[in-house]
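Trainee: my questions concern the predicted model and sequence given below.
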Number of protein chains: 2
Amino acid sequence: MRVLYHSLMSPFARKVRIVLAEKNLDFTMKAEKVWERRPEFLALNPAGEVPVLIEPDGTVLADAGAIAEFLEEAYREKLLLGLNPIDRAETRRLVAWFDGKLNREVTEPILAERLLKRLMGVGQPDSTALRAAKTNLGAHLDYVSYLAERRRWLAGDHFSAADIGAAAHLSVLDYLGDVPWDDHEPAKDWYARIKSRPSFRAVLGDHLPGTPPPKHYADLDF
Amino acid sequence: MRVLYHSLMSPFARKVRIVLAEKNLDFTMKAEKVWERRPEFLALNPAGEVPVLIEPDGTVLADAGAIAEFLEEAYREKLLLGLNPIDRAETRRLVAWFDGKLNREVTEPILAERLLKRLMGVGQPDSTALRAAKTNLGAHLDYVSYLAERRRWLAGDHFSAADIGAAAHLSVLDYLGDVPWDDHEPAKDWYARIKSRPSFRAVLGDHLPGTPPPKHYADLDF
């Protein structure tokens, strides 16, 4: 059986969960407390990060981007990167946007302030950092709206890894109650379409002990 | 003619320069002062970052990873990612290591402290931040040594994008005089092999006005 080492609030692990589900690949999940730095886990991925995927034949894959590219090459019934090199370049540009820029400017600081500080017991969220991240989030939602108004899906005519990448980050932020959907209607409409996909169902069922999601999190009419 | 928008001390732009040279693709370079946020450049890449590549047919490509993947798909005479999905997953894992982890822990803070602060006229380098980045650099050089002692090239038997990624970052750090090569012999031997490649010659000829490289920078016997 395929095994995915993940953690619930990692957008990168969520991305791989959605890719696997879109490709109809069965897997079981193991929650990894990456901060414990278990030697057995570091042997799988010296970077000490989730996701790590163990394929049924024992192949160990680390890094969300490398895993997504591997799955695209190995399981080609449903393609998620695009049908030609130029489409794939646009999908990968947007994946880098969300996993790089959005992550650095929004997801990482919000996770650090809201979740990590509490888990680690190191004080209160820094309201200045949170405010900056939320301002940045507004700009990113504007960009998602801009794309969604001009294209069927974020990278073009087809649902792609760009939609999955954006939705993985936004679903984590939405779980923490930080996404002002009503100020960004086209992004909201796009996210409603994402939420109704069967591949997204498991993510919407996530529940972090001690930190329940807001009521609208799993609601398809939010 | 193919045009690459770059900046001299961007490891991501260097990476694409080396990929293009390895694949024997001609190009001209345009230096972009990304901090000026020129509207014409933002129209090419709304992320406002180099590298951006304009292919001879006018196709605009942004993001170093997306560009490298595009070039690999479009120009297949010399392959840089690997010959099969598992090899490519290992190459991409290491590319993500260097462009993500090494960049965040070493290149970005060292560039910020040593170069950006001076360019922006906002004070002296923060010695605590520099010391932390240099400690991190030691750990990364250990990892490069670990790989170089066990494999012909960093990702396996073949020279790959993993070598290019690592060398792009380390060449920037070396230009700024921050790499303690003598404490990391296997990494040094690997970098000597990189330096002797024709594709690396242009990078070794780089000269940033006002900030000359140390004497050993372009020296093949350093």
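Mentor: Structure's in. What do you need?

Trainee: who touches the worst-scoring helix or strand of chain A on mean pLDDT?
Mentor: Lowest by mean pLDDT, DSSP states H and E among the helices and strands of chain A is helix A:117-120, with a mean of 86. The contact list for helix A:117-120 (C-beta atoms under 8 Å, 6 or more residues apart in numbering or on different chains) reads A:35, A:123-125. Every C-beta, even on glycine, is put in place using the N, C-alpha and C of the backbone.

Trainee: try stretch A:93-105
Mentor: A:11-12, A:15, A:64-65, A:68, A:133, A:136-137, A:140, A:143, A:147, A:154-155, A:161-162, A:165-166, A:168-169, B:47, B:61-63, B:65-66.

Trainee: who's in contact with the residue nearest the centre of chain A?
Mentor: Geometric centre of chain A, nearest residue: residue A:168, 2.2 Å, by C-alpha atoms, centre = their mean. Residues near residue A:168 by C-beta under 8 Å, 6+ apart: A:11-12, A:14-15, A:18, A:98, A:203.

Trainee: out of those residues, which is nearest to residue B:186?
Mentor: Ranked by distance to residue B:186 (C-beta to C-beta), the contacts of residue A:168 are led by residue A:12 at 30.4 Å.

Trainee: number of residues surrounding the closest one?
Mentor: 23 (other C-beta atoms under 10 Å in any protein chain shown).

Trainee: likewise for residue A:16?
Mentor: By other C-beta under 10 Å, neighbour count at residue A:16 equals 27.

Trainee: what's the answer for residue A:85, then?
Mentor: 16.

Trainee: which residue packs closest to it, ignoring adjacent ones?
Mentor: Distance criterion C-beta to C-beta, 6 or more residues apart in numbering or on different chains; nearest residue to residue A:85, sequence neighbours excluded, is residue B:73 at 4.4 Å.

Trainee: what does chain A have sitting close to chain B?
Mentor: Taking C-beta under 8 Å from any C-beta of the partner chain as the contact definition, chain A meets chain B at A:46-47, A:59, A:61-63, A:65-67, A:69-70, A:73-74, A:85-86, A:88-90, A:92-93, A:95-97, A:101, A:143.

Trainee: buried subset of these?
Mentor: A:47, A:61-63, A:65-67, A:69-70, A:85-86, A:88-90, A:92-93, A:95-97, A:101, A:143 (16 or more other C-beta atoms under 10 Å in any protein chain shown).

Trainee: separation between the residue nearest to the centre of chain A and chain B?
Mentor: From residue A:168 over to chain B the distance is 16 Å, taken as C-beta to the nearest C-beta, to the nearest Å.

Trainee: three-state assignment of that residue?
Mentor: The three-state assignment at residue A:168 reads helix, by DSSP: H, G, I helix; E, B strand; the rest coil.

Trainee: and it, how close does it get to residue A:160?
Mentor: 13 Å (C-beta to C-beta, to the nearest Å).

Trainee: if we can go back for a sec, next SSE downstream of the least confident helix or strand of chain A?
Mentor: helix A:127-150 (DSSP states H and E).

Trainee: what residues sit buried inside that next one?
Mentor: Quick answer for helix A:127-150 (16+ other C-beta under 10 Å): A:130, A:133-134, A:136-137, A:140-141, A:143-145, A:147-148.

Trainee: out of the contacts of helix A:117-120, which one sits closest to chain B?
Mentor: Using C-beta to the nearest C-beta, residue A:35 comes nearest to chain B of the contacts of helix A:117-120, at 15.9 Å.

Trainee: spit out the contact partners of the closest one.
Mentor: A:119-120.

Trainee: number of residues surrounding residue A:222?
Mentor: The burial count for residue A:222: 16, using other C-beta under 10 Å.

Trainee: other residues contacting stretch A:135-146?
Mentor: Counting by C-beta under 8 Å, 6+ apart, A:97, A:101-102, A:105-106, A:110, A:154, A:166, A:170, A:173, A:178-180, A:183-187, A:190, B:46 sit against stretch A:135-146.

Trainee: among the residues you listed, the buried ones, what's the ChimeraX command?
Mentor: To isolate in ChimeraX the members of these that are buried, counting by 16+ other C-beta under 10 Å, one can use:
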select /A:97,101,102,105,106,110,154,166,170,173,178,179,184,186,187,190
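
Trainee: let's see which of the contacts of stretch A:135-146 end up in helices.
Mentor: A:110, A:166, A:170, A:173, A:185-187, A:190 (DSSP state H).

Trainee: nothing else from me, thank you.
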